[in-house]
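> Sequence first, then the predicted structure, then my questions.
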Amino acid sequence: MKARYTKGASVSSIENGYKLEIPEGDSLSYRLAQIDDYFQLPRKKFPHRSLTLSLRAKTSSDSIPGTWGFGLWNDPFGMSLGFGGNRFRLPVLPNAAWYFHASPQNYLSFKELRPERSGAQSKGAAANGFLAQTFRAPAFHPLLIPAGLALPFSGKLSRRLLGRVIEEDGVALSVDTTQWHRFRLEWSPKRVSFEVDNVPVLETPVSPRSPLGVVIWLDNQYAAFTPEGKIGFGVLENPEPAWLEIRDLELTS
């Protein structure tokens, strides 16, 4: 695992773990603290085709502006949507399985998900908040052509077409992230399961395509593609410093 961070941010070692921290700041600058195991690798050489990830985590606040989380993905936007990524990669469709916290400015779902399930998921789509979430998408699909052509004229139509290409599943979790909790994610080619404090919160056949890399991050950016077809991304003000601590990280292939 390698650490990366922008000016003023940091990744420091703590007892059996790491502390990722970004400073307070305005909405003009991107701020990131991240550790991952794929930096400088082309996507085809990302290291994992199945994995069990387990760790304990807590945050400085349950309402940090931007995003933070941990899990696996294919870095579809070159890490940071252009706000400080260090390696250029062409954008691709998302493949991911992660615990993801997205502040309200984000909208990270292409479709309405299943209704409330066993008290773990809030009503409506799992599009922001604290999520256990998966995406599965092909490298190419014929519908990508009309989706791209429709985008300048009808974001709503483009989003609907992408929703037919990108499979997803997820639940919004009611977890006080300012307290220590244990999180476990088990990814195999045919299923993904999530647990919080040894309690299952999601099991899904929507398993991302390999290979993927492990990412643990905290930043101040947002991205949204709303049901109304509005697209937005950028960076947010952090009125105060924010941090994410993780301990007892275990990765088992």
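The structure has been received and is ready for your questions. These numbers come from a predicted model, not from an experiment.
> In the stretch 51-200 of the chain, what residue spans correspond to strands?
51-59, 67-73, 96-102, 129-136, 167-172, 181-188, 191-196, 199-204 (DSSP state E, counting those that start in this stretch).
> Format those as JSON lines; extra columns: distance to residue 16.
Backbone N, C-alpha and C define where each C-beta goes, glycine included. Compiled in JSON lines, those are given as follows (distance: least, CB to CB, whole Å):
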{"stretch": "strand 51-59", "distance to residue 16": "9"}
{"stretch": "strand 67-73", "distance to residue 16": "16"}
{"stretch": "strand 96-102", "distance to residue 16": "19"}
{"stretch": "strand 129-136", "distance to residue 16": "23"}
{"stretch": "strand 167-172", "distance to residue 16": "29"}
{"stretch": "strand 181-188", "distance to residue 16": "13"}
{"stretch": "strand 191-196", "distance to residue 16": "20"}
{"stretch": "strand 199-204", "distance to residue 16": "23"}
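> OK, contacts around the closest residue to residue 231 other than its chain neighbours?
Leaving aside its sequence neighbours, residue 231 sits nearest to residue 225 (CB to CB, 6 or more residues apart in numbering; 5.3 Å). Residue 225 makes contact with 107, 110, 155, 159, 162, 231 under the criterion CB atoms under 8 Å, 6 or more residues apart in numbering.
> Name the helix or strand of this protein that has the lowest mean pLDDT.
Within the chain, no helix or strand scores below helix 144-150, which has a mean of 47 by mean pLDDT, DSSP states H and E.
> now stretch 51-62: mean pLDDT?
Averaging pLDDT along stretch 51-62 gives 98.
> again with stretch 160-175
Mean per-residue pLDDT for stretch 160-175: 87.
> what helices or strands is the lengthiest strand in the chain leaning on?
Secondary structure of the chain per DSSP state E: the longest strand is strand 242-252. Strand 242-252 sits against strand 17-22, strand 51-59, strand 67-73, strand 213-219, with contacts defined as 3 or more CB pairs under 8 Å, 6 or more residues apart in numbering; DSSP states H and E.
> which residues are in contact with the shortest one?
The contact list for strand 17-22 (CB under 8 Å, 6+ apart) reads 3, 5-6, 8-13, 31-35, 55-56, 68, 216-220, 238, 241-249.
> Check what contacts the helix or strand just after it and list those residues.
Next in sequence after strand 17-22, counting helices and strands by DSSP states H and E, comes strand 32-36. With contact meaning CB under 8 Å, 6+ apart, strand 32-36 is reached by 1-6, 9-11, 18, 20-22, 79-80, 83-84, 213-220, 244.
> same thing but at 6 Å, please
1, 3-6, 9, 11, 20-22, 84, 213, 215-219 (CB atoms under 6 Å, 6 or more residues apart in numbering).
> got it, and stretch 203-210?
49, 95-97, 134, 136, 167, 169, 189-193.
> Now which of these would you call buried?
For those, a burial check counting by 16 or more other CB atoms under 10 Å picks out 95, 96, 97, 134, 136, 167, 169, 192, 193.
> could you dump those to CSV with distance to residue 183?
Compiled in CSV, these are given as follows (distance: CB to CB, whole Å):
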residue, distance to residue 183
95, 20
96, 15
97, 12
134, 15
136, 21
167, 23
169, 17
192, 13
193, 12
